Each structure stands twice: as structure tokens, then as C-alpha cells.
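**Q** Sequence and predicted structure, then a few things I'm wondering about:
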Amino acid sequence: MKITRFFPRTLFFAAILSLVLFVPRHALAHAVLIESTPSAHATLKGPQVAVHLKFNSRIDGAHSRLYLVDPNGKMQTLSLSPQDAPDTLSAQSVKLAAGAYTIRWQALASDGHITRGAIAFTVE
């Protein structure tokens, strides 16, 4: 009798452990920025600056945003270009005067979570 009670319980815990260990990690992760143009703390020659961000997972472009903060602290929403890949966000080139800028991004990942970040750069 002890063996029959022990077996279903062991099987149940083995199944749970298998699910935890074998579910793909990217299915559980939020979007993480892995590459950007401009890169963080870059110094660029202006006036045209293109914005391109690459993430570690699929991004919902329709519900994601890019903002540009100028040297005076004024923030403007950038118009997103159509996604060339499901893990990227891009904006058309913008004309920028010399100064320190920040790109603020907000991405809705395929896991349903929103992640945010900022990329500071300088235009000469």
C-alpha cells in the first residue's frame, strides 16, 4: 500500500520539475535590449541620426514607443518605422543639433510585459 501512495506523488513532482526545467527560458523572459543605434554614450556626427533597437525577444511594434529627449529636456514621440524584424524597433532619421540627447523606449514583449529603458548619446 505504501508503494501505491508513494508512486503517484513522485510522478506528480517529477512532472512539475520537468515543466520547470524544460520550458524555454525565453518564453519566461521580458524583452531585454541587446543592441542599439545609437549605442549608449556614443558621440555621433549630426544632423541625421537613425534610431534602431534590437531585443532578445519578439516586440509588439503597435504597442511599443520611442521618445527623444532633447538637450533642454523636451520630450517628443518618434514615429516608428514598420518592423523589419519581429525583435526590432526603428525610427526614421531625425535632424538633431549638437547636444546631449536621450532615447527613451518602451517595448511590449511577446510575454505580455512592458519593459522600459533609456539610451543617452551626444551629437556633435
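**A** Alright, I've got the coordinates. Residues are numbered from 1 along each chain as shown.
**Q** now the nearest residue to I59 once chain neighbours are set aside: how far from G73?
**A** In space, and not counting its chain neighbours, I59 is closest to A107: 5.0 Å by CB to CB, 6 or more residues apart in numbering. Backbone N, C-alpha and C define where each C-beta goes, glycine included. From A107 across to G73, the span is 23 Å (CB to CB, to the nearest Å).
**Q** now do A62
**A** 28 Å.
**Q** number of nearby residues for M75?
**A** 10 (other CB atoms under 10 Å).
**Q** check contacts around it.
**A** Neighbour list for M75: Y67, L68, V69, R104 [criterion: CB atoms under 8 Å, 6 or more residues apart in numbering].
**Q** out of those residues, which is most surrounded?
**A** Result: L68 is most packed of the contacts of M75 (other CB under 10 Å), 18 neighbours.
**Q** which other helices and strands contact the helix or strand that R116 is a member of?
**A** Assigned by DSSP states H and E, R116 belongs to strand 114-123. Applying 3 or more CB pairs under 8 Å, 6 or more residues apart in numbering; DSSP states H and E, we find strand 114-123 packed against strand 42-44, strand 99-108.
**Q** which residues touch the shortest one?
**A** When you say that, I think you mean strand 42-44. P38, F121, T122, V123, E124.
**Q** just stretch 62-70 next, same as before
**A** Contact partners of stretch 62-70, identified using CB under 8 Å, 6+ apart, comprise 51, 53, 75-78, 80, 89, 91, 94, 96, 99, 101-108.
**Q** Who are the contact partners of the closest residue to R58 other than its chain neighbours?
**A** Spatially, and ignoring its direct neighbours in sequence, R58 is nearest to S110 (4.0 Å; CB to CB, 6+ apart). When the contact criterion is CB under 8 Å, 6+ apart, the partners of S110 are A31, S57, R58, I59, D60.
**Q** I appreciate the help and will end here.
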